[in-house]
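**Q** Please find the sequence and the predicted model below.
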Amino acid sequence: MAAAPDIDINYVARLARIDLTEQERTEFAGQLAQVLGYVDLMNQLDLSDVPPTAHSTDLADVLREDRSGPGLSVDAALQNAPQRVGDQFSVPKVIDPD
């Protein structure tokens with residue numbers, strides 16, 4: 001396997017907005033270097049005869065036919081609502097003061 005580039009694990013952690021202990025930095029730097037080494041190894045493969053794909057199967061969008069049908073009654077839709085006002089859900093006011 002080709003040598004992976006030096007990785008600034010502190011920079012990567014800062015981008016991910018995570019705090020790492022020194023032990024985690026050492027462990028994750030090694031793991032990340034191994035992953036990048038495998039990516040480098042795959043970049044060396046001749047894939048000129050392999051068509052680009054987005055999925056490993058030929059499965060396309062599998063959608064059901066769009067049919068209209070009866071919906072829930074207002075009472076059925078609101079039967080588990082913690083609070084309701086008339087025929088509507090009642091929810092607490094949520095406004096960020098900033």
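**A** The structure has been received and is ready for your questions.
**Q** Which stretches in this protein count as helices?
**A** For the chain, the helices defined by DSSP state H occupy 9-16, 22-43, 74-78.
**Q** buried ones in the shortest one?
**A** Neighbour counts over helix 74-78 (16 or more other C-beta atoms under 10 Å) mark residue 78 as buried. Every residue, glycine included, has its C-beta placed from N, CA and C.
**Q** Give me the contacts around it.
**A** Contacting residues not belonging to helix 74-78 are listed as 84, 87, 88, 89 [C-beta atoms under 8 Å, 6 or more residues apart in numbering].
**Q** can you name the farthest residue from the center of this protein?
**A** Distance from the centre of the chain peaks at residue 86, with 38.8 Å (C-alpha atoms, centre = their mean).
**Q** which ones are touching that one?
**A** Contacts of residue 86 (C-beta under 8 Å, 6+ apart): none.
**Q** how close does it get to residue 75?
**A** 12 Å (C-beta to C-beta, to the nearest Å).
**Q** ok, back up a step: now tabulate the helices of the chain in a markdown table and tack on distance to residue 52.
**A** Compiled in a markdown table, those are given as follows (distance: least, C-beta to C-beta, whole Å):
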| stretch | distance to residue 52 |
| --- | --- |
| helix 9-16 | 28 |
| helix 22-43 | 14 |
| helix 74-78 | 46 |
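**Q** In CSV, list the ones you listed along with mean pLDDT and distance to residue 61.
**A** Shown next, in CSV, are the helices of the chain (pLDDT from 0 to 100; distance: least, C-beta to C-beta, whole Å):
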stretch, mean pLDDT, distance to residue 61
helix 9-16, 91, 33
helix 22-43, 91, 29
helix 74-78, 93, 29
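**Q** For burial, what's the neighbour tally of residue 13?
**A** 16 (other C-beta atoms under 10 Å).
**Q** Please tell me how far it sits from residue 26.
**A** 12 Å.
**Q** cool, residue 86 as well?
**A** 61 Å.
**Q** now residue 37
**A** 17 Å.
**Q** pLDDT wise, what is residue 1 at?
**A** Here the pLDDT value assigned to residue 1 is 49.
**Q** again, but for residue 60
**A** For residue 60, pLDDT reads 76.
**Q** Thank you kindly, that will do.
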